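A.B. asks: After the sequence you'll find the predicted model.
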Amino acid sequence: MAIEEDMAKIAEQEKALVFDRFDLTTAWDLGSLLRHMAVERGLSIVIDVQLHSMSAFYTALPGTSADNQSWVRRKRNLVLRFFQSSYAIGRKLELQGDTVENRYGISAADHAPHGGSFPIKVAGVGCIGAVTVSGLPQREDHNMVVEALARMTGKDISTLRLD
């Protein structure tokens with residue numbers, strides 16, 4: 001899929017995958033769903049659900065390392081700064097032939113424009129946090145998060161998934 005098509009689909013995802021309400025129980029349910037999906041598929045990933053001021057869910061499955069935790073932190077930082085998915089920002093920078101350091105003056109050591117982190121948005125409120133996965137190729141990280149969010153919000157994943 002071309003970068004422009006990805007960006008349009010991700011914008012559609014960000015518009016559609018919005019919660020009516022979100023609390024610590026919802027965060028636990030989202031993290032647990034992602035964990036169940038990963039275990040069922042035999043995946044080695046780290047899963048993080050972060051509200052702006054606190055961690056609400058975190059797990060590291062067998063086969064992951066501290067590197068995955070670092071990727072989670074860096075991707076999440078980007079989402080919490082721009083309220084967009086880390087993959088959307090990465091695709092935009094790729095299209096522009098640019099970097100986070102050059103474009104935004106922020107460190108790549110703390111901000112990773114790679115797929116796998118997605119804003120948690122509540123209708124009428126906006127972005128309240130981020131859900132992040134690390135351990136798969138970035139497009140698969142992104143698709144996994146989108147699939148879980150689609151299930152949680154009752155949206156049809158077949159119309160939202162990146163090919």
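C.D. replies: Arrived safely, thanks for sending. What you see is a predicted model; the values in this text were computed from it and never measured.

A.B. asks: Mind pulling up the pLDDT for residue 53?
C.D. replies: Listed pLDDT for residue 53 reads 86.

A.B. asks: How about the one 3 residues further on?
C.D. replies: pLDDT, the model's per-residue confidence, is 98 for residue 56.

A.B. asks: And for the closest residue in space to it that isn't next to it in sequence, the neighbour number?
C.D. replies: Counting by CB to CB, 6 or more residues apart in numbering, residue 56 lies nearest to residue 27, which is 3.5 Å off, once chain neighbours are set aside. In short, each C-beta sits where N, CA and C put it, glycine included. Using other CB atoms under 10 Å, residue 27 is surrounded by 21 other residues.

A.B. asks: Report the central residue of the chain.
C.D. replies: residue 117 (1.9 Å; CA atoms, centre = their mean).

A.B. asks: my guess is the residue nearest to residue 56 contacts residue 57, does it?
C.D. replies: Yes. Applying CB atoms under 8 Å, one finds residue 27 in contact with residue 57, separated by 5.2 Å.

A.B. asks: Next up, identify which helix or strand the residue lying farthest from the centre of the chain is on.
C.D. replies: Distance from the C-alpha centroid of the chain, by CA atoms, centre = their mean, peaks at residue 102 (22.8 Å). Using DSSP states H and E, the element containing residue 102 is helix 100-104.
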